[in-house]
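J.: this is the structure alone, sequence omitted:
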């Protein structure tokens, strides 16, 4: 089956370029870009990384990126990503934060991190609901009119920043008397050859405009708090906390996990269960709390049963359920070395590949598990002498290796970890950290670092 997965993976990678050329819907493009990043890693073919970098840069420079407030609009009708839809959805932005975080892990370009952090910061600042969950998004129905709060004119900028600062900002962000978006202009960096310097130079001006925009009429909030979208945000926060070593995002992830854990899994649709599964594996890999791994296993077992019984209608939610389930089962296989998760992953991949004609672009990021299935699964168990994360583990966590999952065993969490990953039980805590590598579930001898 590995050979078959490998063949499917090669075919899928070869078809992604066509999607890049024809699709201006972020929901379709995101999965393709993640797949390209992973494809570059697994195949060591630089062209896939080049494709991904070109699109990630174009998205960040375009008007589809909200340069004032952070986050991304969901759609653009042009190839330059200039004219946006004026709708920013929680699920799209959580996925984009994940994508740009992974891009930063793989390449450490500054704008990758800026895109991820500004997107998450916008969500945390403007979409928080009293329940502890996050609302579904923001939008404006003003269209391409001058009174759209997302659009600007030189006069409008000068009124907020003053003549001199307003003029400099307008020159940088393509805001002139010749509107680029209907009756006014959407800030963008498409024509700016010094785009990579705009971030720090205009931080204060963008913050002043963001605060001013909050007082403008026309931005509305979708007050729904979809469980699956919030689970995607949990995954994005956990990944950012790990990649950027930022306790703010880990604290936000823990705070979000509490109301999510209060939702009865029996009430969740397949796509929400799959999102929870994916998110909890990300959270475990960020804080090494075995309780998250144990709950992930329970979610995986329920999701297996639901997918067996479900008759899902092809569409966005169906595609996302199979895609996230494939990634979640793949992570569980690496973390627990339980072969039942290989079988669960295989079912998802067969659905995505054998019936590709009935799945849309939303299913593409699930094919990242296809690349993993066609290569050796790698895991690393770190056995610590105390409760602290050993400094020697930092280089492994910082390295871009999407096929590597790390577990941490300490004297306090040893019993709980043994329940989640029984193979960890024989490895005892000593006087120094020891590391035990695994390939396809077969564990090797330990080494001290």
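T.: Yep, that arrived. Everything numeric here is computed off the predicted structure, so don't read it as measured data.

J.: distance of residue 109 from residue 116?
T.: Distance of residue 109 to residue 116, computed by Cβ to Cβ, to the nearest Å: 11 Å. The way it works is simple: take the backbone N, C-alpha and C, and place the C-beta from them, glycine included.

J.: those two: who's more crowded?
T.: Legend: neighbour count by other Cβ atoms under 10 Å for residue 109 and residue 116, higher for residue 116 (26 against 17).

J.: residues touching that one, list them.
T.: Applying Cβ atoms under 8 Å, 6 or more residues apart in numbering to residue 116 gives the contacts 96-97, 100-101, 104, 236, 240, 243-244.

J.: residue nearest the centroid of this structure?
T.: Geometric centre of the chain, nearest residue: residue 98, 1.8 Å, by Cα atoms, centre = their mean.

J.: and the helices in the stretch 301-449 of the chain?
T.: Secondary structure of the stretch 301-449 of the chain (DSSP state H, counting those that start in this stretch): helices located at 316-336, 340-354, 368-373, 394-398, 414-420.

J.: so which of those helices gets nearest residue 386?
T.: The closest of the helices of the stretch 301-449 of the chain to residue 386 is helix 414-420. By Cβ to Cβ, the value is 12.0 Å.

J.: buried ones in the closest one?
T.: Within helix 414-420, the residues scored as buried using 16 or more other Cβ atoms under 10 Å are 414, 417-418, 420.

J.: same thing with stretch 338-352?
T.: For stretch 338-352, burial by neighbour count (16+ other Cβ under 10 Å) applies to 338, 341-342, 344-352.

J.: try stretch 377-392
T.: For stretch 377-392, burial by neighbour count (16+ other Cβ under 10 Å) applies to 377-384, 389-390.

J.: is it possible to export these to TSV including pLDDT and distance to residue 157?
T.: As requested, those are exported to TSV (pLDDT from 0 to 100; distance: Cβ to Cβ, whole Å):
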residue	pLDDT	distance to residue 157
377	88	53
378	92	51
379	94	52
380	95	51
381	96	55
382	96	52
383	97	57
384	97	54
389	95	46
390	95	51
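
J.: most remote residue from the middle of this protein, which is it?
T.: Using Cα atoms, centre = their mean, the residue of the chain lying farthest from its centre is residue 163. It sits 39.1 Å away.

J.: follow-up on the earlier one: among the buried residues of stretch 377-392, which ones are in strands?
T.: Per DSSP state E, strands hold the following members of these: 378-383.

J.: checking residue 78 next. Helix, strand or coil?
T.: Classification of residue 78 by DSSP: H, G, I helix; E, B strand; the rest coil places it in coil.

J.: check what pLDDT it gets.
T.: Here, the pLDDT recorded for residue 78 equals 86.

J.: ok, the buried residues of helix 414-420 vs residue 269, which is closest?
T.: Set against residue 269, the nearest of those by Cβ to Cβ is residue 420 (25.6 Å).

J.: for the nearest residue to that closest one once chain neighbours are set aside, grab phi and psi.
T.: Among residues not flanking residue 420 along the chain, residue 293 sits closest, at 4.1 Å (Cβ to Cβ, 6 or more residues apart in numbering). Backbone torsions for residue 293, taken as degrees, to the nearest 10, come to phi -70, psi -40.

J.: tell me the spacing between residue 293 and residue 303.
T.: To residue 303, residue 293 is 15 Å away according to Cβ to Cβ.

J.: same deal with residue 255?
T.: Taken as Cβ to Cβ, the span from residue 255 to residue 303 is 25 Å.

J.: any low-confidence regions in the stretch 1-150 of the chain?
T.: The stretch 1-150 of the chain contains residues with pLDDT under 70 at 1-28.

J.: and the strands in the stretch 101-250 of the chain?
T.: Taking DSSP state E, counting those that start in this stretch as the test, the strands found in the stretch 101-250 of the chain are 137-139, 220-222.

J.: which outside residues touch the first one?
T.: This means strand 137-139. Residues contacting strand 137-139 (Cβ under 8 Å, 6+ apart): 86-90, 93, 126-127, 219-222.

J.: out of these, which one sits closest to residue 228?
T.: Nearest to residue 228 among the contacts of strand 137-139 is residue 90, at 10.0 Å by Cβ to Cβ.

J.: I figured the closest one hits residue 128, correct?
T.: No: in this structure, residue 90 is not within contact of residue 128 by Cβ atoms under 8 Å, at 11.1 Å.

J.: list the contacts for the residue nearest to the centre of the chain?
T.: Shown in contact with residue 98 (Cβ under 8 Å, 6+ apart): 34, 232, 235-236, 239.

J.: and with 6 Å instead?
T.: 236, 239 (Cβ atoms under 6 Å, 6 or more residues apart in numbering).

J.: again, but for residue 237
T.: 249, 252-253.

J.: what's the spacing between it and residue 250?
T.: Plainly put, residue 237 is 7 Å away from residue 250 if you go by Cβ to Cβ.

J.: kindly report the same for residue 160.
T.: The value you get for residue 160 to residue 250, if Cβ to Cβ is used, is 35 Å.

J.: equivalent analysis for residue 109, please.
T.: Separation of residue 109 from residue 250 (Cβ to Cβ): 23 Å.

J.: now residue 318
T.: Distance, residue 318 to residue 250, using Cβ to Cβ: 32 Å.

J.: check residue 365 too.
T.: 23 Å.

J.: who has more neighbours, those two?
T.: Shown here are residue 365 and residue 250; by other Cβ under 10 Å, residue 365 has more neighbours (25 against 18).

J.: which pLDDT value goes with the more buried one?
T.: Residue 365 is assigned a predicted lDDT (pLDDT) of 74.

J.: and it, what does it touch?
T.: Contact partners of residue 365, counting by Cβ under 6 Å, 6+ apart, are 31, 34, 323.

J.: what helix or strand is the first one on?
T.: Read that as residue 31. Element membership for residue 31 (DSSP states H and E) is helix 26-43.

J.: centre of the chain to that helix, how far?
T.: The chain centroid and the centroid of helix 26-43 are separated by 12 Å under Cα atoms, centre = their mean, to the nearest Å.

J.: rewinding a little: what angle separates the helix or strand hosting the residue nearest to the centre of the chain from helix 26-43?
T.: Assigned by DSSP H and E, residue 98 belongs to helix 90-107. Relative orientation of helix 90-107 versus helix 26-43 (axes from the mean of the first three to the mean of the last three Cα atoms, to 10 degrees): 20 degrees.

J.: what's stretch 161-180 in contact with?
T.: Residues contacting stretch 161-180 (Cβ under 6 Å, 6+ apart): 152, 154, 157-158, 185, 187-188, 191-192, 198, 205.

J.: recalculate using a threshold of 7 Å.
T.: For stretch 161-180, the surrounding residues in contact (Cβ atoms under 7 Å, 6 or more residues apart in numbering) are 67, 82, 152-154, 157-158, 185-192, 198, 202, 205, 208.

J.: do the same with stretch 291-304
T.: Residues from elsewhere that reach stretch 291-304 (Cβ under 7 Å, 6+ apart): 265, 273-274, 276-277, 280-281, 283-284, 325, 328-329, 332, 335-336, 341, 344, 416, 419-420.
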